[in-house]
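> Requesting a structural model of the entry that follows:
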Amino acid sequence: MKPVTPDAALSAVVGSNPLPRTELTKKLWAYIKKNGLQDKKVRTQINADDKLKPIFNGKKSVSMFEMTKLVSGHVS
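Model (predicted):
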């Protein structure tokens, strides 16, 4: 996989080093699980904390599928 570079908002969660998209996804999920951000009732929803809100375009909660699309806008 070709490495992608996270922007400033995403770097706050996964670090600023270029990494393959698969590793980026693993780090993002590790952060979500570590901070208990997966919704307890609707497991496909991710609740944003202060670091994730800028990545989620200010939304409080997004679906897993929407999250993937939003994260794509924060890598180059």
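
> Touching, Leu37 and Ala48? I think so.
Yes. The pair Leu37 and Ala48 passes the contact test of Cβ atoms under 8 Å, sitting 7.3 Å apart. Every C-beta, even on glycine, is put in place using the N, C-alpha and C of the backbone.

> Identify the contacts common to those two.
With contacts taken as Cβ atoms under 8 Å, 6 or more residues apart in numbering, Leu37 and Ala48 have no neighbour in common.

> what are the ranges of the strands in this protein?
For the chain, applying DSSP state E gives strands covering 3-4, 19-20, 45-47, 61-63.

> Could you say which of those is packed most deeply?
Highest mean neighbour count among the strands of the chain (mean count of other Cβ atoms under 10 Å): strand 45-47, with a mean of 19.

> Report the distance from that strand to the chain centre.
10 Å (Cα atoms, centre = their mean, to the nearest Å).

> ditto for stretch 20-29
Distance of stretch 20-29 from its chain centroid, counting by Cα atoms, centre = their mean, is 8 Å.

> still on that earlier bit, quick one: which of the strands of the chain is nearest Gly73?
strand 3-4 (11.6 Å; Cβ to Cβ).

> I am finished for the moment; much appreciated.
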